[in-house]
Each structure stands twice: as structure tokens, then as C-alpha cells.
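[1] prediction below, plus the sequence it came from.
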Amino acid sequence: MFRRLTIALALILQGLAAAETRDLILVAGQSNAVGFDAYAEELPADPKDAATMFWWRVGDPPPDEFDGTSARQWTVLQFQPRTPAMPAIDGKKVARQYGNFNLKSKGGFGPEIGMVRTLATKESRPLAVIKTAFSGTSVAADWNVGLPGKADACYRAMIDEAKAAIASAKTKDIALRPRAFVWVQGESDANAKDAPTYVANLSAMLKSLRTELNAPDLILLLGVNTRFGNGKNAFMPKVVDAQKEVAAALPGARYVDTAGAETLPPSHTHFTAVGTLEVGRRYAEALLAAEQSK
């Protein structure tokens with residue numbers, strides 16, 4: 001009996017030793033999280049990307065079958081390929097699916113790549129990234145946990161993708177440890193109606209995210225294209241100030257300044273490929289700084 005118990009215990013310990021744990025980074029937001037003007041053709045190759053697990057869903061609101069996805073499977077860190085746009089209805093062009101890189105020959109990428117590559121130069125911790133981003137979305141109308149239904153559709157899609165990805169990793173004997181949440185958004189809330197409620201709406205979403213993922217210590221990294229509107233949007237500074245206020249109020253939260261990262265003229269609405277990689281680097285540095293300050 002003792003021998004059988006010893007063998008059983010050894011097998012259990014062997015199984016535990018074989019299980020892998022990876023840090024999980026979640027990426028979300030609107031078009032600069034998607035990588036609207038960060039073209040795949042301009043992404044320098046890096047064979048080390050293959051060391052990071054990657055799961056994604058990108059598109060336009062509302063989340064639907066026309067989103068670009070990793071087919072609910074884990075793959076490796078890469079640009080997100082172009083996917084077909086929603087077909088025309090009654091012969092009329094449908095102005096949607098720009099978030100799926102429909103006008104790009106290959107696809108695009110967000111700050112996740114620059115972030116992971118930067119972290120790889122400073123540490124050897126294995127990583128997994130879940131990205132759920134939708135172009136042109138606001139917290140008020142698309143990520144709003146206070147208004148269940150259409151207004152929280154993108155938030156619910158993010159939670160659904162995260163839970164599905166975590167469960168899928170578990171079947172591969174991989175445990176994912178939530179480490180950081182990368183939020184690149186705010187441009188669509190930079191208006192007279194939504195800017196005043198941005199602090200409350202974003203705070204509620206971030207608190208709900210931590211609760212639903214059972215990750216109370218998840219580091220929250222908040223940023224936006226500060227040049228959105230090319231200096232002519234009077235509400236952009238209010239959104240920046242709101243993000244700073246949220247970062248100061250929530251433990252483990254940081255504001256990430258993207259000022260100076262290259263944007264695409266003439267509108268400067270989106271970061272270029274170079275700018276997107278730089279933004280990712282800044283998020284990585286902010287994460288490390290947040291962890292060191294604990």
C-alpha cells in the first residue's frame with residue numbers, strides 16, 4: 001500500500017512539475033490598440049516572437065463574425081492578417097471592418113509586439129498575450145459596464161475571449177497568471193458628451209475586469225494618442241487628465257505617456273508602425289516600473 005501511495009504521489013508531483021506557468025498580458029482598446037496604421041509590411045522580423053503565446057480578436061463594433069481572430073486558438077506573437085470585410089448589402093458599400101485591416105495588403109499590429117520585444121530584452125519570463133480591440137469605440141458606448149447590452153458589447157467580448165483563452169491554455173497544461181492590462185483608448189470619448197464621464201466609466205470597467213478575472217493585483221496601464229485631433233480637439237486634454245486621475249486613484253495603475261511617438265500625417269489619428277513599436281516599448285517600461293515600486 002505504501003509503495004502504491006509513493007508511486008501515486010511521485011506521478012502527481014511529476015505532473016505538477018510538467019505544468020507551465022506564463023505571465024498573461026491583456027491588450028484592449030480602439031484603433032491604436034488594433035494597429036490601424038501600423039502596417040505588417042513595416043514590422044521588422046524577430047524570431048523570438050515565436051516564444052510568446054498569442055490569442056486575438058480585432059474588428060469594428062459591434063463584435064461579430066466579421067472580426068479578425070486567431071480562430072479561438074493559441075498561436076504565436078505575430079501581426080494580425082487582413083480579413084474580408086462585411087459584404088455589401090443591396091449593392092451598397094458597407095463602411096465597416098476597417099479594424100480588420102481591409103485596406104492593408106497584409107494586415108497590421110498593435111503595441112503588443114513592441115511591448116513583448118522590450119520585455120524579452122530585460123527578462124526571461126514566458127509570456128502569453130490576449131488582445132481584444134475594436135476600432136472607433138468609446139468607453140461610454142462600447143465598453144460601459146454600467147449599461148449592459150449594446151453599450152458593453154466590447155467589454156463582454158474581451159471578458160469572453162480572456163476566459164476562453166485561459167481555459168484553452170489550461171487544457172494544454174499551461175497556467176496563465178494575469179500580470180498586466182494594456183489599455184490604448186480614449187480618442188472616441190474626447191467629445192463634449194463623453195469626456196465628463198470618462199473617469200467614472202473607465203474606473204468601473206477596470207474594477208470589473210479585475211473582479212471577473214479574479215486578478216485584484218492586475219497592473220493597469222492606461223494610454224491614448226495624445227495627438228488625436230492634431231491639436232484641434234479641445235477634449236483630448238480632458239481625456240488625458242482623466243486617465244491620469246484614474247491611474248492615481250486605482251492601486252497598481254499607471255498612465256503611459258505616448259507623446260512624441262510617431263503618428264501618420266496629415267490627421268495624426270493613428271500611430272505608424274514605428275510609433276506603435278515605440279508605444280509598446282513605453283508600456284513595457286511602465287510595467288517594469290510599476291512592479292519595481294511595489
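    Received, thanks. Quick caveat: nothing in here was measured; it's all calculated off a predicted structure.

[2] so what's the residue count around Lys294?
    As a burial measure, Lys294 scores 8 neighbours (other Cβ atoms under 10 Å). Every residue, glycine included, has its C-beta placed from N, CA and C.

[3] ignore the last one, Arg281
    18.

[4] need the contact list for it.
    114-115, 117-118 (Cβ atoms under 8 Å, 6 or more residues apart in numbering).

[5] pull out the buried residues from stretch 245-252.
    246-247, 250, 252 (16 or more other Cβ atoms under 10 Å).

[6] what's in contact with that stretch?
    Contacts for stretch 245-252 (Cβ under 8 Å, 6+ apart): 199, 202-203, 206-207, 217-220, 222, 253-255, 290.

[7] please enumerate the helices of the stretch 51-200 of the chain.
    112-120, 139-142, 153-171, 198-212 (DSSP state H, counting those that start in this stretch).

[8] just want the angle from the third one to helix 198-212.
    Orientation check (axes from the mean of the first three to the mean of the last three Cα atoms, to 10 degrees): helix 153-171 against helix 198-212 gives 20 degrees.

[9] in helix 153-171, what's buried?
    153-155, 157-159, 161-162, 165-166, 168-169.

[10] now do that helix: everything it contacts.
    Contacts for helix 153-171 (Cβ under 8 Å, 6+ apart): 22, 24, 26, 28, 53, 55, 57, 61-63, 72-74, 128, 130, 132, 134, 137, 142-145, 175-176, 205, 208-209, 212-213.

[11] what mean pLDDT does it have?
    Averaged across helix 153-171, pLDDT comes to 98.

[12] re the thing from before, mind putting the helices of the stretch 51-200 of the chain in JSON lines, distance to Phe181 included?
    Listed next are those as JSON lines, based on distance: least, Cβ to Cβ, whole Å:
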{"stretch": "helix 112-120", "distance to Phe181": "12"}
{"stretch": "helix 139-142", "distance to Phe181": "14"}
{"stretch": "helix 153-171", "distance to Phe181": "10"}
{"stretch": "helix 198-212", "distance to Phe181": "6"}
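
[13] quick check: which of the ones you listed is nearest to Ala273?
    Evaluated over the helices of the stretch 51-200 of the chain, closeness to Ala273 peaks at helix 112-120, with 9.6 Å, by Cβ to Cβ.

[14] for the closest one, name the packing helices and strands.
    strand 20-29, strand 127-134, helix 273-292 (3 or more Cβ pairs under 8 Å, 6 or more residues apart in numbering; DSSP states H and E).

[15] any idea which of those is most buried?
    Highest mean neighbour count of these: strand 127-134, a mean of 27 (counted as mean count of other Cβ atoms under 10 Å).

[16] that one: how far from the chain's middle?
    On the basis of Cα atoms, centre = their mean, to the nearest Å, strand 127-134 sits 5 Å off its chain's mean C-alpha point.

[17] partner strands of that strand, parallel or antiparallel?
    strand 20-29 (parallel), strand 53-59 (parallel) (DSSP bridges).

[18] out of these, which gets nearest to Ser267?
    Nearest of those (Cβ to Cβ): strand 20-29, 18.3 Å.

[19] can I get that closest one in PDB? Just the C-alpha atoms.
    What follows is strand 20-29, C-alpha atoms only, in PDB (Å, rounded to 0.1, in the frame of the first residue of the first chain):
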ATOM      1  CA  GLU A  20       3.900  25.500 -17.300                       C
ATOM      2  CA  THR A  21       3.100  28.900 -15.900                       C
ATOM      3  CA  ARG A  22       3.100  32.000 -18.100                       C
ATOM      4  CA  ASP A  23       2.600  35.700 -17.300                       C
ATOM      5  CA  LEU A  24      -0.600  37.000 -19.100                       C
ATOM      6  CA  ILE A  25      -0.800  40.400 -20.700                       C
ATOM      7  CA  LEU A  26      -4.100  41.600 -21.900                       C
ATOM      8  CA  VAL A  27      -4.300  44.300 -24.600                       C
ATOM      9  CA  ALA A  28      -7.500  46.200 -25.400                       C
ATOM     10  CA  GLY A  29      -8.900  49.500 -26.700                       C
END
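
[20] what does it rub up against?
    Against strand 20-29 from outside (Cβ under 8 Å, 6+ apart): 33, 53, 110-112, 115-116, 125-133, 137, 158, 162, 166, 169, 173-185.

[21] what is the mean pLDDT for that strand?
    Rounded mean pLDDT across strand 20-29 is 98.

[22] give the next helix or strand downstream of it.
    For strand 20-29, the succeeding helix or strand toward the C-terminus, using DSSP states H and E, is helix 31-34.

[23] so where's this protein shaky on pLDDT?
    1-18, 91, 93-97 (pLDDT under 70).
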